[in-house]
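Enquirer: Give the three-dimensional model of this entry:
(chains A and B, ligands or ions: 2)
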Amino acid sequence: MLSSEDTINQTQAVLNAENVDIYYGDFLALKGIYMEIPKNKVTAFIGPSGCGKSTLLRCYNRLNDLIPVFKLNGKITYHGQNLYDQDVDPVQVRRRIGMVFQKPNPFPKSIYENITFGAKINGFKGDFDQLVEESLRGAALWEEVKDKLKQNGMSISGGQQQRLCIARTIALKPDVILMDEPCAALDPISTLKVEELIHQLKEEYTIIIVTHNMQQAARVADYTGFFNVRVTEEGKRQGYLAEHDLTEVIFQNPKEEATKQYVSGRFG
Amino acid sequence: MTSEFISEQFDPGSLKKNTKDPRTLFGLIMSGIAGTFMVMAIIPLIIILLYLLIQGISSISPSVFIELPPPPMVEGGGFGNALLGTVIMVSIGALISVPIGILAAIFLSEYSGGQIANWIRFATNVLSGVPSIIIGVFAFGAIVLTFKTYSAWAGGFALSILMLPIIIRTTEEALKLVPQEVRQASVGIGANDFQTVLFVVMPAAIPAILTGVTLAIARAAGDTAALLFTALFTQFWPNWENKLAEPTASLAVLVYNFAIVPFKNQQALAWAAAFILVLLVLLTSIISRLATSKRQF
Ligand SMILES: Nc1ncnc2c1ncn2[C@@H]1O[C@H](COP(=O)(O)OP(=O)(O)OP(=O)(O)O)[C@@H](O)[C@H]1O
Ligand SMILES: [Mg+2]
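Expert: Numbering: from 1, shown residues only, chains lettered A, B, ... in the order given. Ligands and ions are numbered 1, 2, ... in the order given. Coordinates of the predicted model:
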């Protein structure tokens, strides 16, 4: 699917979807996805509402397991291991592949505990104070909250909450960070901070970000996947990956007409 | 056309309230009626409180809390044993019903879906509608007849059945109010179901659960019928040596017993005990209010 073969082959694929179909009950939400996610790069998912961006994202850390009607055919591998093999423990998957949600959702606990909770349940034995400081610094939040670590995580501003959620995710030292519209609820300044943060984070992490903001995709992503919806003969809406390439290519010289229309805002 | 339009003065109409307008009139009358009924609903509560205060306060002294009930016609005495008995039996009831109720609610809200949960919910609703005298008779058959003695344990057991549906329902409501996003966040960082409920959902719901527990305690502390068949009454202190396996006094039953006797001193004690009982209920209600104000969701 990825056209600029030469560039992607230089980096290793962390996640790889092979012929993935995703169903909610009888409804085929996403069909025939082949997609490689390169290591230590930022990949953006863009596309019209309802095309299945969140659906695919949630498959990468098996969060869809919480939805009873969810079903996946095909294969998603993580460093070669199929995430959906029978003997795979979703808890282990989620430790390595963290998720930041659209709405900031800190735990109703202190800022300090928000960071340490994940580490605790995963059997972390080291220095918690150090972990908290490191993670908060990593999320560019330390200076703002270092004097109120005992305060409830829900009592800080929305932008700070979102960075706290990012800090909580990186405290687990994951390999991949999934972000589903992380800036949708944020003001422009907080958005900028989160974007700067993404730039720093990709040194160490592989990041996938879903966004409706074209400029944001262009600013932060190395690669961009454009998802689209087609209407089947029975009148059902079915998502598919229309084009996946270097961000510059998607924005300046896309192969598909639909991509061109979407990124230039002339869609539908 | 245009000039005609401009020349016509625009009249926005009066903004003043017009009491002759039927709609306004209807609204006023309805508010009046609602207000009247509100006052009528409050009056019994105020009268009860005032009456208990007037009748009860005169016989209240420090000694009533620590002394035993007097025989007829003897001055002084108190209801220390009944107060202690109520505390013991409500505690036993809470020790049984709180863990079971909370676990049942966790099952209902977190693990089960569909038919089983609906049946359990239905059963809970039925249980909360069962008159306490029936619960008393059941506990009599199950505990008193089996162990061949009235006891604080039987009383506590009966009270726990009274408390159980209240705790299940309020806890389930409380757990449901914790947003799904918070659960997802917890699962997203690698917590399993059990850890999510125990460390994330429960702590967030605790103020609301406390509200339910205090309401259940208030309900149990005031109940008489459930204790009449199980703990009965006694003039003496709860007997620890006999492991509480003896008839045990309680405030509610003391009120019931002493209010209908012809002896002035015991009647006065009944009033005082009633006053203290209402005060206890009021106190737990205030605690539950405080807990409610700490809610996060
Ligand atoms: N839990 C679910 N149960 C059933 N269908 C679902 C569920 N979640 C999503 N869908 C359906 O799957 C399709 C893809 O949804 P998804 O949320 O992945 O879209 P999206 O691309 O993230 O959209 P948006 O940009 O609006 O967030 C939609 O048609 C949606 O209705
Ligand atoms: Mg989405």
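
Enquirer: Any stretches of the stretch 1-150 of chain A with poor pLDDT?
Expert: Low-confidence regions of the stretch 1-150 of chain A, defined by pLDDT under 70, span residues A:1-11.

Enquirer: Dead centre of the chain: give me the residue that sits there.
Expert: Defaulting to chain A. Note on chain A: the residue nearest the mean C-alpha position is A:Leu178, at 2.3 Å, using Cα atoms, centre = their mean.

Enquirer: wrong one, I was asking about chain B
Expert: Chain B, centroid-nearest residue using Cα atoms, centre = their mean: B:Leu215 at 2.9 Å.

Enquirer: Report the secondary structure state of it.
Expert: Classification of B:Leu215 using DSSP: H, G, I helix; E, B strand; the rest coil returns helix.

Enquirer: wait, isn't it in contact with B:Arg169?
Expert: No - the criterion here is Cβ atoms under 8 Å, and B:Leu215 misses it with B:Arg169 at 9.9 Å. Every residue, glycine included, has its C-beta placed from N, CA and C.

Enquirer: Considering only chain B, name the residue that lies closest to ligand 1.
Expert: Chain B approaches ligand 1 most closely through B:Gln180 (11.0 Å), counting by Cβ to the nearest ligand atom.

Enquirer: That residue and A:Gln238, how far apart?
Expert: B:Gln180 sits 26 Å away from A:Gln238, going by Cβ to Cβ, to the nearest Å.

Enquirer: More neighbours: the two, which one.
Expert: Neighbour tally, B:Gln180 and A:Gln238, criterion other Cβ atoms under 10 Å in any protein chain shown: the higher count belongs to A:Gln238, 19 against 10.

Enquirer: Once you drop chain neighbours, what's closest to A:Pro48?
Expert: Distances taken as Cβ to Cβ, 6 or more residues apart in numbering or on different chains place A:Val229 nearest to A:Pro48, at 6.0 Å, with adjacent residues excluded.

Enquirer: Same check on A:Gly153?
Expert: A:Pro106 (3.5 Å).

Enquirer: and that neighbour, what does it touch?
Expert: A:Asn114, A:Gly153, A:Met154, A:Gln161, A:Leu164, A:Cys165, A:Arg168, B:Ala185 (Cβ atoms under 8 Å, 6 or more residues apart in numbering or on different chains).

Enquirer: For the stretch 1-150 of chain B, which residue gets nearest to chain A?
Expert: Ranked by Cβ to the nearest Cβ, the top residue of the stretch 1-150 of chain B for proximity to chain A is B:Gly113, at 7.9 Å.

Enquirer: which residues does that residue contact?
Expert: Counting by Cβ under 8 Å, 6+ apart, B:Gly113 has contacts A:Pro68.

Enquirer: Without its sequence neighbours, what residue ends up closest to residue 101?
Expert: I'll assume chain A. A:Asp180 is the one closest to A:Phe101 (Cβ to Cβ, 6+ apart), at 5.7 Å.

Enquirer: hm, I was asking about chain B
Expert: B:Ile167 (3.2 Å).

Enquirer: ok, now B:Ala208?
Expert: B:Ala174 (3.3 Å).

Enquirer: One more: A:Asn73?
Expert: Per Cβ to Cβ, 6+ apart, closest to A:Asn73 is A:Asp21, 4.4 Å.

Enquirer: Would you verify that that neighbour is located in a helix?
Expert: No - counting by three-state DSSP, A:Asp21 falls outside a helix, being strand.

Enquirer: Name every strand pairing with the strand or helix carrying the residue nearest to the centre of chain A and say which way it goes.
Expert: Using DSSP states H and E, the element containing A:Leu178 is strand A:176-180. Using DSSP bridges, strand A:176-180 pairs in its sheet with strand A:97-100 (parallel), strand A:206-210 (parallel).

Enquirer: Kindly present the ones you listed as CSV, with separate columns for mean neighbour count and distance to A:Gly74.
Expert: Below are the strands paired with strand A:176-180 laid out as CSV (neighbours: other Cβ atoms under 10 Å in any protein chain shown; distance: least, Cβ to Cβ, whole Å):
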stretch, mean neighbour count, distance to A:Gly74
strand A:97-100, 25, 18
strand A:206-210, 25, 18
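
Enquirer: got TSV for the ones you listed, with distance to B:Ile206 too?
Expert: Listed next are these as TSV, based on distance: least, Cβ to Cβ, whole Å:
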stretch	distance to B:Ile206
strand A:97-100	26
strand A:206-210	34
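
Enquirer: Can you get me a residue count around A:Leu246?
Expert: 19.

Enquirer: which residues does it bridge with?
Expert: Going by DSSP bridges, A:Leu246 forms beta bridges with A:Tyr223.

Enquirer: Look up how far A:Asp222 lies from it.
Expert: With the distance defined as Cβ to Cβ, A:Leu246 ends up 7 Å from A:Asp222.

Enquirer: what do you get for A:Leu28?
Expert: A:Leu28 sits 30 Å away from A:Asp222, going by Cβ to Cβ.

Enquirer: Which parts of the chain are helices?
Expert: Reading this off chain A. Assigned by DSSP state H, the helices in chain A fall at A:5-10, A:53-60, A:90-96, A:111-121, A:128-138, A:142-145, A:158-170, A:188-201, A:214-220, A:247-252, A:257-263.

Enquirer: nope, chain B please
Expert: Under DSSP H, chain B gives helices at B:2-7, B:22-57, B:80-106, B:115-129, B:132-139, B:145-147, B:152-177, B:180-188, B:193-195, B:202-221, B:225-228, B:251-259, B:264-293.

Enquirer: Could you tell me the backbone phi and psi angles at residue 151?
Expert: Since no chain was named, I'll use chain A. phi -70, psi 150 (degrees, to the nearest 10).

Enquirer: I was after chain B.
Expert: phi -160, psi 160.

Enquirer: Might you report the residue contacts of it?
Expert: B:Ile143, B:Val144, B:Thr230, B:Ala231, B:Leu244, B:Ala245, B:Glu246, B:Pro247, B:Thr248.

Enquirer: Give me the distance between the fourth one and B:Ile120.
Expert: Same thing as B:Ala231. Distance from B:Ala231 to B:Ile120, by Cβ to Cβ: 29 Å.

Enquirer: ok, the two, which is more surrounded?
Expert: Set B:Ala231 next to B:Ile120 and count neighbours by other Cβ under 10 Å: B:Ala231 wins out with 34 against 17.

Enquirer: So what's the residue count around the residue lying closest to the more buried one once chain neighbours are set aside?
Expert: Spatial nearest neighbour of B:Ala231, chain neighbours left out: B:Gly155 (3.2 Å); criterion: Cβ to Cβ, 6+ apart. Close neighbours of B:Gly155, defined as other Cβ under 10 Å, add up to 35.

Enquirer: got it, and A:Gln81?
Expert: A:Gln81, neighbours per other Cβ under 10 Å, totals 11.

Enquirer: give the contact list for it.
Expert: Listed by Cβ under 8 Å, 6+ apart, the contact partners of A:Gln81 are A:Val88.
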